[in-house]
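Engineer: 3D model of this:
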Amino acid sequence: MPAVALSRVGARAVESGPDGENLAAGAWQRLEALPGPRSRQGRIYPLACLIAIAVCAFTAAGNDRFTAVGQWIRRAGQADLARLRAPRDPMAGRYRAPDEKTIRVVLDRLDPRALARALPGPRPRSRRRSGGPPAASVRRYRARRAAQQAKSLARDRLRAVAVDGKTSRGARRADGTRVHRLGVAEHGGRLLDHLEAGVKHNETSYFTELLGPLDLAGAVVTADALHTVRANLDWLVTDKNAHYIAIVKRNQPLLHARIRALPWRQVPAGSTARETGHGRTETRTLKAAHVSHLDFPHARQAIKITRRRKDTATGRTTCETVYAVTTLTSAHATTPDLARLVREHWPIEAHHHIRDTTFSEDTSASRTGSGPANLATIRAAVTAAIKDAGYLHIPEGRRDHTTPAESLRLHGLD
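Structural biologist: Model (predicted):
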């Protein structure tokens, strides 16, 4: 498949071209509707143009800093600048390219919540052009793609989102604290929204602010044990009409003791899964039991998860037991469904790992204003675009779109 066809299936901050049915509708309009952080006086470059430049620049392999964005736009030709809607200088008869500082200042001042809602756009139904073969540069990995398709069908049947925080270790404020963000993502990795949470132990106080604008009716919210907070989970069920799966550890000593004391030996294993990889063999067993007197808001089932891991090199075996509570009944979700929901909470950690290793987010020292949050949104949008183009590995997709022309084609700006 030509590169132009591949690029259009990965569009994010772009408008619809000839094959517009494959693109996120109204992407340019969403960017143009962003609240501008600049005064009208002396403004040269449209906000949508600057955001599109940053997204395309961060797509290319090795472009992980603002300095790289400046180098990328300086290499862009006049046709590329025109497609990016850069302003034209009538005196020189050429399209103008913004300076790195212009993009940096705008991203430092731009509302991060607005950008997080506007940039990724709605979840696409299909990113492959109808009737066309798969892209030649996208490796097949047939078994893994089949497993992904099965997971996608399960996610469509029972929608779930994951809440988790991430600290940018290289970004420190003037008072010495690190930049910490609390994010929410669909199971499968697509970032929905995030906000700065100060420090990690303050995450729970931002829970309702983060999830408040989202439509969560009928969805399942998963989080780690830090977010097993009665008030927040009661609000989630009562106000948002959502379900939850809450991990219970010893930070909830009475609840943990009640769940642990249940007659688990009499409960048959509802789901058992065995996986081999990363130098170990892991067996996960899940049991679920209906409960009525746990003294926890809206809890309907208690869950016991047993993980046995064997190191293939040393033969050492470890066993870990995790307890959880959920509002889901057996009518809402089977035990294999519960096992999948608990397991798929961790792809949000994989999303964080991609941003750290592929985009070097942990070493980024950007810390001014809203810059760290907006850069995280751009990295998430690029990751989603590459995945939608059919890649299973983000570095592979970035290497395929290193030059300005290739980056423009990936985002449909050709």
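
Engineer: ok, the most centrally placed residue in the chain - contacts?
Structural biologist: Nearest to the mean C-alpha position of the chain, by C-alpha atoms, centre = their mean, lies residue 191 at 2.9 Å. By C-beta atoms under 8 Å, 6 or more residues apart in numbering, the residues touching residue 191 are 116, 120, 183, 184, 185, 351, 377, 380, 381, 384. All C-beta atoms are positioned from the backbone trio N, CA, C, and that covers glycine.

Engineer: any idea how far the third one is from residue 192?
Structural biologist: Taking C-beta to C-beta, to the nearest Å as the criterion, residue 183 is separated from residue 192 by 8 Å.

Engineer: and these two? which has more neighbours close in?
Structural biologist: residue 183 (24 against 20; other C-beta atoms under 10 Å).

Engineer: can I assume that one sits in a helix?
Structural biologist: No: counting by DSSP: H, G, I helix; E, B strand; the rest coil, residue 183 falls outside a helix, being strand.

Engineer: so who does it touch?
Structural biologist: 163, 164, 165, 166, 191, 192, 193, 194, 210, 348.

Engineer: one more time with 7 Å, if that's ok
Structural biologist: By C-beta atoms under 7 Å, 6 or more residues apart in numbering, the residues touching residue 183 are 164, 166, 191, 194.

Engineer: list the contacts of the closest residue to residue 251 other than its chain neighbours.
Structural biologist: Computed as C-beta to C-beta, 6 or more residues apart in numbering, the closest residue to residue 251 that is not its neighbour in sequence is residue 225, at 6.1 Å. By C-beta under 7 Å, 6+ apart, the residues touching residue 225 are 247, 248, 249, 251.

Engineer: tell me which residues touch residue 35, please.
Structural biologist: Contacts of residue 35 (C-beta under 7 Å, 6+ apart): 111, 114.

Engineer: and the gap between it and residue 214?
Structural biologist: According to C-beta to C-beta, residue 35 and residue 214 sit 20 Å apart.

Engineer: for residue 288, pull up the helix or strand it's in.
Structural biologist: In this structure, residue 288 is located in strand 280-290 according to DSSP states H and E.

Engineer: now the strands for the stretch 201-350 of the chain?
Structural biologist: 220-223, 243-248, 271-277, 280-290, 301-311, 317-326 (DSSP state E, counting those that start in this stretch).

Engineer: what about these, which gets the closest to residue 75?
Structural biologist: Residue 75 lies closest, by C-beta to C-beta, to one member of the strands of the stretch 201-350 of the chain: strand 271-277, at 39.9 Å.

Engineer: so where's this protein shaky on pLDDT?
Structural biologist: Applying pLDDT under 70 to the chain flags the ranges 1-26, 120-155, 169-176, 189, 198-201, 347, 365, 409, 411-414.

Engineer: using PDB, write down the CA coordinates of the longest helix belonging to it.
Structural biologist: Counting residues, the longest helix found in the chain (DSSP state H) is helix 371-388. Provided in PDB are the C-alpha atoms of helix 371-388 (Å, rounded to 0.1, in the frame of the first residue of the first chain):
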ATOM      1  CA  GLY A 371       3.700  22.300  29.100                       C
ATOM      2  CA  PRO A 372       4.200  18.800  30.700                       C
ATOM      3  CA  ALA A 373       0.500  17.900  30.600                       C
ATOM      4  CA  ASN A 374       0.100  19.100  27.000                       C
ATOM      5  CA  LEU A 375       3.200  17.300  25.800                       C
ATOM      6  CA  ALA A 376       1.900  14.100  27.400                       C
ATOM      7  CA  THR A 377      -1.400  14.600  25.500                       C
ATOM      8  CA  ILE A 378       0.500  15.000  22.200                       C
ATOM      9  CA  ARG A 379       2.600  11.800  22.900                       C
ATOM     10  CA  ALA A 380      -0.700  10.000  23.700                       C
ATOM     11  CA  ALA A 381      -2.300  11.200  20.400                       C
ATOM     12  CA  VAL A 382       0.800  10.100  18.400                       C
ATOM     13  CA  THR A 383       0.700   6.700  20.000                       C
ATOM     14  CA  ALA A 384      -3.000   6.300  19.200                       C
ATOM     15  CA  ALA A 385      -2.400   7.400  15.600                       C
ATOM     16  CA  ILE A 386       0.300   4.900  15.100                       C
ATOM     17  CA  LYS A 387      -1.700   2.100  16.600                       C
ATOM     18  CA  ASP A 388      -4.700   3.000  14.400                       C
END
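
Engineer: I am finished for the moment; much appreciated.
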